[in-house]
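Participant: sequence below, structure please.
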Amino acid sequence: MKMKESISIEEFDKKKFKIRFVDEEDNRKAVITHYLHNYDNGVKDHFHEEASEYIDQIVEYKNEEENLNLVSEEALQQLLFEVETVPFPTPKNYTFKFIDLFAGIGGFRMAMQNLGGKCVFTSEWDENAKKTYRANYGETPFGDITKERTKNYIPDDFDVLCAGFPCQAFSIAGKRGGFEDTRGTLFFDVAEIIKNKKPKAIFLENVKGLRNHNGGKTLATILNVLRNDLGYFIPEPQIINAKNFGVPQNRERIYIVGFRNDLNINSFSYPEPYEEKVFFGEIKEENVVPTKYYLSTQYLQTLVSHKERHANKGNGFGYEIIQDNEVSNAIVVGGMGRERNLVIDNRITDYTPTTHIKGEVNRKGIRKMTPREWARLQGFPDNFIIPVADASAYKQFGNSVAVPAIQATAQKIIDLIKAKL
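Facilitator: Numbering: from 1, shown residues only. Predicted coordinates for the structure are as follows:
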């Protein structure tokens, strides 16, 4: 079908065309893209009224700007093309629906779509992460999930709730540690959505430290709320290491899965580690990387001195070089996240600095991993678009879930709930 030109959703936003919205957070791009992504199923009705208003204004704005005579349907088809022509579109014949909370750059979504799932709602507050999410999935996440306005956009009748929620301590001294005691935390917002929407299954991911967080009270409260207040079968949470599921990264995270009690699911087995191990050399950049990733002589000496000081105190802190036949440390945001995952790459031929550095580019071939290597450590394929600057990219991949480990666990969840359909 040949479609006439229409202004894109991004262009419309950049023009800052004034349209009505409630609350201080402007969700128009999220509303439109969620509506378009669900245009061929009943979920679109949940977004229809507001999305139709916004789309009509886009068409009207385009007509006024360029004196065009666009037919609404033609403009709509152009917008549909815009959100569907992305690296990771919704599976054509999807078999279940899920929502993606605290979505980041869509690690959960990648895994669930690989298993035949359709995302019907997503939220993420970080603006740069939203850009990456939109570039790859054609959908802009809604914003702050703690706001009732945002929660009201969540449709009914989805199968799985996915959330990599941040860990917070609960004030439960002298209390039973139930639903009301989690107020003021992000878990409360997750629990509230579960309570109101009652999905068949839930899949939560968090840092390994959740197990002992706040003396173990935080996890105990979470499990009590899910099991007793919300009515879900929750098997004992398990620590899953990404290195056992096809990526060369030593990344341990706690997984919490659950099933609504009326499904009568009373057992669950987490996936067994893969037999084949993967090492860094298998995901290393194939070509010579830009000089900017190589450490300066002065910075390298700073790292060496820092490590020696800690070694003299009996500590193991400091930089680390990952060999090609080794598994990386967990990639994390801040601290020594990048410095504990340095590599040796002697393919460099031009030592001329491309950024402002103190000293010279080191001659030992020591460099940081690239954002693409971090993407591979988390299991993102090479056609995953990185539309942001390196600093944001490192943050986004460092905060992401490891896709293959999520997918292996999600497969077990989906198999069980499909058996009950």
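
Participant: how much space between the spatially closest residue to residue 41 that is not a sequence neighbour and residue 155?
Facilitator: Nearest residue to residue 41, sequence neighbours excluded (Cβ to Cβ, 6 or more residues apart in numbering): residue 118, at 7.9 Å. (Each C-beta comes from the backbone N, C-alpha and C, glycine too.) Per Cβ to Cβ, to the nearest Å, residue 118 is found 11 Å from residue 155.

Participant: of these two, who's got more company?
Facilitator: More neighbours surround residue 118 than the other of residue 118 and residue 155, with 22 against 18 (other Cβ atoms under 10 Å).

Participant: where along the protein do the strands fall?
Facilitator: Ranges of strands within the chain are 96-101, 117-122, 160-163, 201-207, 232-233, 238-241, 249-250, 252-260, 321-322, 328-329, 342-344, 366-367, based on DSSP state E.

Participant: how about a markdown table for the ones you listed, with distance to residue 276 and mean pLDDT added?
Facilitator: Output for the strands of the chain, formatted as a markdown table (distance: least, Cβ to Cβ, whole Å; pLDDT from 0 to 100):
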| stretch | distance to residue 276 | mean pLDDT |
| --- | --- | --- |
| strand 96-101 | 28 | 97 |
| strand 117-122 | 26 | 96 |
| strand 160-163 | 27 | 98 |
| strand 201-207 | 24 | 96 |
| strand 232-233 | 32 | 98 |
| strand 238-241 | 15 | 98 |
| strand 249-250 | 15 | 98 |
| strand 252-260 | 19 | 97 |
| strand 321-322 | 19 | 96 |
| strand 328-329 | 17 | 96 |
| strand 342-344 | 22 | 97 |
| strand 366-367 | 27 | 97 |
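
Participant: minimum distance to residue 350: which of those has it?
Facilitator: Nearest to residue 350 among the strands of the chain is strand 366-367 (13.3 Å), distances taken as Cβ to Cβ.

Participant: quick one: that closest one to chain centroid distance?
Facilitator: Distance of strand 366-367 from the chain centroid (Cα atoms, centre = their mean, to the nearest Å) equals 28 Å.

Participant: how about stretch 100-120?
Facilitator: A distance of 8 Å separates the centroid of the chain from that of stretch 100-120, by Cα atoms, centre = their mean.

Participant: again with stretch 125-139
Facilitator: Its chain's C-alpha centre and that of stretch 125-139 lie 9 Å apart, by Cα atoms, centre = their mean.

Participant: who touches that stretch?
Facilitator: Stretch 125-139 has contacts (Cβ atoms under 8 Å, 6 or more residues apart in numbering) with 29-30, 33-34, 37, 82-89, 103-106, 109, 119, 122, 124, 140-141, 143-145, 384-388, 392-393, 395-396, 399.

Participant: ok, back up a step: ok, the residue nearest to residue 41 touching residue 93?
Facilitator: No: applying Cβ atoms under 8 Å as the test, residue 118 and residue 93 come out as separate, 9.9 Å apart.

Participant: one step back: quick check: bridge partners of the residue nearest to residue 41?
Facilitator: Note on residue 118: beta-bridge partners residue 97, judged by DSSP bridges.

Participant: contact partners for it?
Facilitator: Per Cβ under 8 Å, 6+ apart, neighbours of residue 118: 41, 90, 91, 94, 96, 97, 98.

Participant: which among those residues count as buried?
Facilitator: For the contacts of residue 118, a burial check counting by 16 or more other Cβ atoms under 10 Å picks out 90, 94, 96, 97, 98.

Participant: thought the last one was touching residue 154?
Facilitator: In other words, residue 98. No: contact criterion Cβ under 8 Å: residue 98 and residue 154 do not qualify, at 11.6 Å.

Participant: remind me which residues of the stretch 51-200 of the chain are low pLDDT?
Facilitator: 58-76, 170-177 (pLDDT under 70).

Participant: could you pull out the helices for it?
Facilitator: Taking DSSP state H, counting those that start in this stretch, the helices of the stretch 51-200 of the chain run over residues 72-84, 107-114, 127-137, 148-151, 186-197.

Participant: just those: most buried one?
Facilitator: Mean neighbours per residue, mean count of other Cβ atoms under 10 Å, is largest over the helices of the stretch 51-200 of the chain for helix 107-114, with a mean of 25.

Participant: I'd like to know which elements that one is packed against.
Facilitator: Secondary-structure packing of helix 107-114 (3 or more Cβ pairs under 8 Å, 6 or more residues apart in numbering; DSSP states H and E): strand 96-101, strand 117-122, strand 160-163, helix 403-419.

Participant: got the contact list for that helix?
Facilitator: By Cβ under 8 Å, 6+ apart, the list of residues contacting helix 107-114 reads 88, 90-91, 98, 100, 103, 119, 122, 137, 160, 162-164, 203, 205, 378-380, 384, 400-404, 406-407, 410.

Participant: please apply the same query to stretch 185-195.
Facilitator: Outside stretch 185-195, the residues that touch it by Cβ under 8 Å, 6+ apart are 99, 101-102, 145-146, 151, 154, 161, 163, 165-166, 168-170, 179, 182, 202, 204, 222, 225-226, 229-230, 232.

Participant: just the buried members of those residues?
Facilitator: Buried among these by 16+ other Cβ under 10 Å: 99, 101-102, 145, 151, 154, 161, 163, 165, 170, 179, 182, 202, 204, 222, 225-226, 229-230, 232.

Participant: of the buried ones among the contacts of residue 118, closest to residue 339?
Facilitator: Looking across these and measuring by Cβ to Cβ, the closest to residue 339 is residue 98, at 36.3 Å.
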